[in-house]
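K.L.:
Sharing a sequence plus its predicted fold:
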Number of protein chains: 2
Amino acid sequence: MTPPAKSLSVAFGATAPRTLGAPAPVISISELKIHCATCSVRELCLPVGLNSEEVAQIDVLVGARVRLRKGDALYRVGDPSAALYAVRLGSLKTTVLAEDGREQVAGYHMLGDIIGLDGIGSGHHGCQAQALEDTEVCVLPFERLEDLARDLPPLQHNLHQFLSREITRDHNIMLLLGSMRAEERLAVFLLNLSDRYRKRGYSSTEFVLRMTREEIGSYVGLKLETVSRLFSRFQEEGLIQVQGRAVKLLDLTALKRIIGQRG
Amino acid sequence: MTPPAKSLSVAFGATAPRTLGAPAPVISISELKIHCATCSVRELCLPVGLNSEEVAQIDVLVGARVRLRKGDALYRVGDPSAALYAVRLGSLKTTVLAEDGREQVAGYHMLGDIIGLDGIGSGHHGCQAQALEDTEVCVLPFERLEDLARDLPPLQHNLHQFLSREITRDHNIMLLLGSMRAEERLAVFLLNLSDRYRKRGYSSTEFVLRMTREEIGSYVGLKLETVSRLFSRFQEEGLIQVQGRAVKLLDLTALKRIIGQRG
DNA sequence: CGACTAGTTGAGGCCAGTCAATGTTGGTGG
DNA sequence: CCACCAACATTGACTGGCCTCAACTAGTCG
């Protein structure tokens, strides 16, 4: 349909990252090939067994890297969706916007996460992805991904797994938002982060939050003051230690015990 | 991999519907072929243009129908996931379960909806699907669906659209649960139902709810008493007319105006 | 240094939850 | 056909958890 090289730059033109409210976006697009075969996050992006020949085929797929500075948007609501993105470095938040301007953080994404899955259906993004710090993502043009998936059943299955897992993840957040008390929500949030850091080889008990209290609140359906108060209370109770965005989880068992406790 | 006929009954053995709490499930599985080509809900299940030859191929895919009686579970949390299901008749709810037993309704599904999308990733269902009335679904064995999708790019794309749309839908519910007031939530719920009935050729202003107040409440993050009170208030204000589960929307504009109004 | 953003903490209010009593509906069996 | 029962729904009184508003502090960046 579209010539391989060209389609990529078209995709970029359409989904050009830009600082919200800023007039002229400054983005670095590295055309230097990053080979999946030597990429340190490969086992996160491509979890099931692909042999080296198959990985080589995926290498062809990966169009380029995009570098984002803190605050830059990778894509915004309504942008045409032409690609998925694999987080190589840094982290992002995705937010859904209501018509009246209300914002809901739909997810926080770090190393190895695949984002942009929501745009495939309608052809344009239903949410916005924004870098929480300096960030790098690999671009996976979706049309090429579909083509390749037809030849590589394991890749096809992988893709379905990513989509399906995202649905399961969202269901769990719905459970949190729909039926948990403030305490529980924050405990779930912290334990979830802990788990994800652990899986990536970082400390699961000591990390730096990349988002503000307000952003945390938006994610778990609370106001920023409530988040702040709960952090303080958890600290008083010896569950955690907080110093601004630096968090240390002191008592994982107690945190887990909070979840499921009725009022 | 698995012989076509056998794999189907295996799938049924694994995901056998059963009444919750009932000792012996009574399910009707009709082995009679329903041909997609003559199915009245085809344009809902298969939205993009497939030619008649391609539809014939999908016919081969559809394994059987499952009949469910009100209350029967199509699948439950933890059941191995081997198929997607297309709703041919009736309606279902899907619910997520917390470890402590709390239940959150994740969605209501009617004519033409595809469910079971959450199970693909992990290989087992992360939620439970239960019939709200007498219901019939078509079984789409997932392995065969993946095989066929490799030969039929439009089908492949369709599948991705379904998965992606489910994600977008979930994001919108997260927005609702995370940042809307009770009034707004119920207005969104009613307008969403209205819209879906309209798209299916039913009245968009007069319909019968298939779920209890408690189930509505679970879906939108409210208690059943709050749902009941709001229905009464909407009626007093002339927005709707309620008689048990029969609902008539009298003022769609006013209902839409509710959404986005800050406390 | 001043302006700004992010975070903490307190006082008070309100929306939705809780508890409880009563009404309504639909299915079942005598 | 009607009596009965269980599930569902409505409504009221009260409570409480989280939000709102507001003051203050701590960093950060030009």
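P.N.:
Nice, I can see it. Numbers count the residues shown, from 1 in each chain, chains lettered A, B, ... in the order given.

K.L.:
Quick check: closest non-adjacent residue to A:L193.
P.N.:
Excluding the flanking residues, the one nearest A:L193 by C-beta to C-beta, 6 or more residues apart in numbering or on different chains is A:F207, at 6.7 Å. Every residue, glycine included, has its C-beta placed from N, CA and C.

K.L.:
what are the pairing partners of the one helix or strand that neighbour maps to, and which direction each?
P.N.:
Here A:F207 sits within strand A:206-208, counting by DSSP states H and E. Next to strand A:206-208 in the sheet, as set by DSSP bridges, lie strand A:246-249 (antiparallel).

K.L.:
what's downstream of the partner strand, the next helix or strand?
P.N.:
For strand A:246-249, the following helix or strand on the C-terminal side (DSSP H and E) is helix A:252-258.

K.L.:
A:L175 against B:A98, yeah?
P.N.:
Yes - here A:L175 reaches B:A98: they are 5.8 Å apart, a contact under C-beta atoms under 8 Å.

K.L.:
what's across from the most centrally placed residue in chain A in the sheet?
P.N.:
The central residue of chain A, meaning the one whose C-alpha is nearest the mean C-alpha position (C-alpha atoms, centre = their mean), is A:H109 at 2.0 Å. On the basis of DSSP bridges, A:H109 is bridged to A:L92.

K.L.:
tell me the contacts of it?
P.N.:
Taking C-beta atoms under 8 Å, 6 or more residues apart in numbering or on different chains, we find A:H109 in contact with A:87, A:91-94, A:115, A:129.

K.L.:
Going by neighbour count, which of these comes out on top?
P.N.:
Most neighbours among these, by other C-beta atoms under 10 Å in any protein chain shown: A:A129, with 29 neighbours.

K.L.:
How about the contacts made by it?
P.N.:
A:A129 makes contact with A:73-75, A:85, A:92-94, A:109, A:115-116, according to C-beta under 8 Å, 6+ apart.

K.L.:
would JSON lines of those with distance to A:S203 and pLDDT be doable?
P.N.:
Formatted as JSON lines, the entries for the contacts of A:A129 read as follows, by distance: C-beta to C-beta, whole Å; pLDDT from 0 to 100:
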{"residue": "A:A73", "distance to A:S203": "30", "pLDDT": "95"}
{"residue": "A:L74", "distance to A:S203": "27", "pLDDT": "96"}
{"residue": "A:Y75", "distance to A:S203": "31", "pLDDT": "96"}
{"residue": "A:Y85", "distance to A:S203": "26", "pLDDT": "94"}
{"residue": "A:L92", "distance to A:S203": "21", "pLDDT": "97"}
{"residue": "A:K93", "distance to A:S203": "22", "pLDDT": "98"}
{"residue": "A:T94", "distance to A:S203": "25", "pLDDT": "98"}
{"residue": "A:H109", "distance to A:S203": "19", "pLDDT": "97"}
{"residue": "A:I115", "distance to A:S203": "24", "pLDDT": "96"}
{"residue": "A:G116", "distance to A:S203": "29", "pLDDT": "96"}
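
K.L.:
Out of these, which is nearest to DNA strand C?
P.N.:
Closest approach to DNA strand C among these (C-beta to the nearest atom of the strand): A:K93, at 12.4 Å.

K.L.:
Tell me if I'm right that the closest one and A:M110 touch.
P.N.:
No - using C-beta under 8 Å, A:K93 is not in contact with A:M110, being 10.5 Å away.

K.L.:
And the closest residue to DNA strand C within the stretch 1-150 of chain A, how close does it get to B:R69?
P.N.:
With C-beta to the nearest atom of the strand as the measure, the residue in the stretch 1-150 of chain A that lies nearest DNA strand C is A:G71; the distance is 9.2 Å. In this structure, A:G71 and B:R69 are 54 Å apart, going by C-beta to C-beta, to the nearest Å.

K.L.:
in the stretch 151-263 of chain A, which spans are helices?
P.N.:
Taking DSSP state H, counting those that start in this stretch, the helices of the stretch 151-263 of chain A run over residues A:153-179, A:182-199, A:213-220, A:224-236, A:252-258.

K.L.:
Surely A:D147 forms part of a helix?
P.N.:
Yes - assessed by DSSP: H, G, I helix; E, B strand; the rest coil, A:D147 belongs to a helix.

K.L.:
sorry, back to before: show the average pLDDT along the strand holding A:F207.
P.N.:
With pLDDT averaged residue by residue, strand A:206-208 scores 97.

K.L.:
ok, now stretch A:251-263?
P.N.:
Over the span of stretch A:251-263, the pLDDT mean works out to 90.

K.L.:
likewise stretch A:168-182?
P.N.:
Confidence over stretch A:168-182, taken as the mean pLDDT, stands at 98.

K.L.:
And that stretch, what's buried?
P.N.:
For stretch A:168-182, the neighbour count (16 or more other C-beta atoms under 10 Å in any protein chain shown) marks A:168-180, A:182 as buried.

K.L.:
Show me what the closest residue to A:V62 other than its chain neighbours is bridged to.
P.N.:
Taking C-beta to C-beta, 6+ apart, and ignoring the residues beside it in sequence, A:V62 has A:C138 as its nearest neighbour in space, at 5.1 Å. With DSSP bridges applied, the residues forming beta bridges to A:C138 are A:R65, A:A86.

K.L.:
List the residues that contact A:C138.
P.N.:
Contacts were defined as C-beta under 8 Å, 6+ apart; by that measure A:C138 touches A:34, A:45, A:62-65, A:85-86, A:88.

K.L.:
Export the residues you listed to JSON lines and append columns for neighbour count and distance to A:F162.
P.N.:
Output for the contacts of A:C138, formatted as JSON lines (neighbours: other C-beta atoms under 10 Å in any protein chain shown; distance: C-beta to C-beta, whole Å):
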{"residue": "A:I34", "neighbour count": "15", "distance to A:F162": "19"}
{"residue": "A:C45", "neighbour count": "22", "distance to A:F162": "9"}
{"residue": "A:V62", "neighbour count": "20", "distance to A:F162": "15"}
{"residue": "A:G63", "neighbour count": "23", "distance to A:F162": "18"}
{"residue": "A:A64", "neighbour count": "19", "distance to A:F162": "20"}
{"residue": "A:R65", "neighbour count": "20", "distance to A:F162": "19"}
{"residue": "A:Y85", "neighbour count": "25", "distance to A:F162": "12"}
{"residue": "A:A86", "neighbour count": "26", "distance to A:F162": "10"}
{"residue": "A:R88", "neighbour count": "20", "distance to A:F162": "16"}
